[in-house]
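Asks: okay, predicted coordinates and the sequence, questions at the end:
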Amino acid sequence: MLHSLDHVIIAVRELEAATESYTRLLGRAPSWRGEHPGQGTANALFRLANTYVELLGTSGDGPFADRIRTRLERDGEGLIGLAFGTDDAEQCAAELRTRGMGVADPVEGSGVDARSGARRSWRNVHWPESASRGVFEFAIEHLSPAAALPPAELCAARESAIEALDHVVVRSPDADAAQAFYGESLGLRLALDRSFEDRRVRLQFFRIGGVTVEVASTLGAPPDPTASDRLWGLAWRVPSADAARVRLVAAGFSVTPVRSGNKPGTRVCTVERDTCGVPTLLIGPD
């Protein structure tokens, strides 16, 4: 039903400034600079090896623009949505309904590249945020060929540039409810469910298309049925964490020293600002 984490969405106040920051952060140029006709929004897309990142800003009036403005006024910039890939929007919607989710019929959408005039089209399957525990998520079937969104071109040495998404972090006040949604409703594979007593955290790793959705919950805290999950941060894969840190520091970013990662055989560092409000970790091999 769902085969990938198609893209992650980051709401930004100034699209041009955010695009410049993410070009420096990723070491890659945008794949697409687009608009959503009738929605009042514009975006910049960076296609990586296993997903793409969408920087989303407002450009006029429209229902989606109103939603983005409300989000920015309430919470500021940050990670606001996840889109899961499907090959058949109609079948996806039908299957989700059998699993008890009140999904709407697929809706067609399109975007236009502001530089070339090229057009891409898709169909989205939306479900209520109450079903996804307060998080904006949906499924997308691309109607355009994959080549319509080309890979983000390198503008830095390959060993220092971000190549793929490793995982996205969701914080949840109710680990069991989150497991029921991601595992049973969406059908993501639960690869690991582990509690860390010393850190007072329970981590659940759901795998899809080479990306992990990591759900983090506080151990010992009673479930709060009124509290929502929230998208938190992103961890990116790089060929070399050391080379990436050298490049980013030279580009003006504040980056922690490289250290051993929690996963054996990895080295990591944290980008501390200029990420549009998204906690950002870089992961490379040891």
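Replies: Yes, it's here.

Asks: measure residue 179 to residue 5 for me?
Replies: Computed as C-beta to C-beta, to the nearest Å, the residue 179 to residue 5 distance reads 17 Å. Where C-beta positions appear, they are placed from N, C-alpha and C, glycine not excepted.

Asks: and residue 101, how many neighbours?
Replies: Per other C-beta atoms under 10 Å, the neighbour tally for residue 101 reads 17.

Asks: equivalent analysis for residue 74, please.
Replies: 7.

Asks: and it, that one's in a helix?
Replies: Yes - counting by DSSP: H, G, I helix; E, B strand; the rest coil, residue 74 is found in a helix.

Asks: test for you: state the pLDDT assigned to it.
Replies: pLDDT, the model's per-residue confidence, is 93 for residue 74.

Asks: more neighbours: residue 179 and residue 5, which one.
Replies: A direct count of neighbours by other C-beta under 10 Å for residue 179 and residue 5 places residue 5 higher, at 25 against 19.

Asks: thinking residue 39 is in contact with residue 66, fair?
Replies: No - here residue 39 lies out of contact with residue 66, judged by C-beta atoms under 8 Å, at a distance of 9.6 Å.

Asks: neighbour-wise, which of these two wins?
Replies: Comparing residue 39 with residue 66 by other C-beta under 10 Å, the one with more neighbours is residue 39, at 20 against 14.

Asks: which residues touch the more buried one?
Replies: Shown in contact with residue 39 (C-beta atoms under 8 Å, 6 or more residues apart in numbering): 62, 63, 64, 65.

Asks: buried ones among those?
Replies: Among the contacts of residue 39, those classed as buried by 16 or more other C-beta atoms under 10 Å are 62, 65.

Asks: pull the most distant pair out of the contacts of residue 39.
Replies: Spatially, the most separated pair among the contacts of residue 39 is 63 and 65, at 7.3 Å (C-beta to C-beta).

Asks: which neighbours do the two have in common?
Replies: Listed contacts common to residue 63 and residue 65 are 39, 40; contacts here mean C-beta under 8 Å, 6+ apart.

Asks: and the pLDDT at the nearest residue to residue 78 once chain neighbours are set aside?
Replies: The shortest distance from residue 78 to any non-neighbouring residue, by C-beta to C-beta, 6 or more residues apart in numbering, is to residue 277 (3.7 Å). What the model reports for residue 277 is a pLDDT of 97.
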